[in-house]
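A.B. asks: got a sequence here, can you build the structure:
(chains A and B)
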Amino acid sequence: GENVEQHPSTLSVQEGDSAVIKCTYSDSASNYFPWYKQELGKGPQLIIDIRSNVGEKKDQRIAVTLNKTAKHFSLHITETQPEDSAVYFCAANVLASGSSNTGKLIFGQGTTLQVKP
Amino acid sequence: NAGVTQTPKFQVLKTGQSMTLQCAQDMNHNSMYWYRQDPGMGLRLIYYSASEGTTDKGEVPNGYNVSRLNKREFSLRLESAAPSQTSVYFCASSPRAATFYNEQFFGPGTRLTVL
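C.D. replies: Residues are numbered from 1 along each chain as shown, chains lettered A, B, ... in the order given. As a prediction, this is how the structure comes out:
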């Protein structure tokens, strides 16, 4: 079945350093790859996404890269700050599933990022 | 706008009891979803509703039922709760189905413990 693998499961960096989280997906038809951030006690919130026709997208200190051939995509956070500490989830869409013939998102297992002051 | 709201926030059940988790959104979104979150397993889709009047199974539907009551509300029912259903449950909504490039908005979650 469809699968998204995410690594590492935990990541600890010093404030100011960069953090990289990597994901691989199994469905070659996937064409949308969002990243969500979940702060303690809250629901996940979208921080950046990328479509399959783009190789890289940047928004201030965060960037996402996509390698469709290898079915890899990554989240890069530069100049990390303590407020970046959270759980991050990658996801990939799966198209045309179910009786309604509509898609769904498959999430990775999550990465707990700790930024030490 | 309240966004996506979920009730209750916390619940403790005994094995075999039933309960319904409620979810509502005020963003006029077409699609709604139920996920469960367990340590080390990420977010797993239980059921989803691409539009009012349709529901589909996700990755882990066994032991659950859903009802898309109207465009705003999507409920999740546990008929006979089991300890394996101890989890944090999130409801989400999106303007269109997940086939398309669009954000899912999540509620604050319900923490359920089954003893």
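
A.B. asks: going forward, measure contacts between C-alpha atoms and count neighbours the same way
C.D. replies: Fine.

A.B. asks: all strands for chain B, in order.
C.D. replies: When assigned using DSSP state E, the strands of chain B occupy the ranges B:4-7, B:10-13, B:19-25, B:31-38, B:42-49, B:56-57, B:64-68, B:74-78, B:87-94, B:105-106, B:110-114.

A.B. asks: now chain A
C.D. replies: A:4-7, A:10-14, A:19-25, A:32-38, A:45-51, A:56-59, A:62-67, A:72-77, A:86-97, A:102-107, A:111-116.

A.B. asks: up against chain B, what does chain A have?
C.D. replies: Residues of chain A lying close to chain B by Cα under 8 Å from any Cα of the partner chain are A:9, A:32, A:41-46, A:51, A:89, A:93-96, A:98-100, A:102-110.

A.B. asks: tally of neighbours for residue A:29?
C.D. replies: Applying other Cα atoms under 10 Å in any protein chain shown, we find 12 residues neighbouring residue A:29.

A.B. asks: so what pairs up with residue B:24 in the strands?
C.D. replies: Per DSSP bridges, the residues bridged to residue B:24 are residue B:5, residue B:73.

A.B. asks: circling back: output the strands of chain A in a markdown table; the columns should cover mean pLDDT, distance to residue B:8 and mean neighbour count.
C.D. replies: Shown next, in a markdown table, are those (pLDDT from 0 to 100; distance: least, Cα to Cα, whole Å; neighbours: other Cα atoms under 10 Å in any protein chain shown):
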| stretch | mean pLDDT | distance to residue B:8 | mean neighbour count |
| --- | --- | --- | --- |
| strand A:4-7 | 96 | 30 | 20 |
| strand A:10-14 | 97 | 30 | 15 |
| strand A:19-25 | 98 | 33 | 21 |
| strand A:32-38 | 96 | 20 | 22 |
| strand A:45-51 | 95 | 20 | 19 |
| strand A:56-59 | 95 | 36 | 14 |
| strand A:62-67 | 97 | 34 | 19 |
| strand A:72-77 | 98 | 34 | 20 |
| strand A:86-97 | 87 | 23 | 23 |
| strand A:102-107 | 84 | 24 | 24 |
| strand A:111-116 | 97 | 26 | 20 |
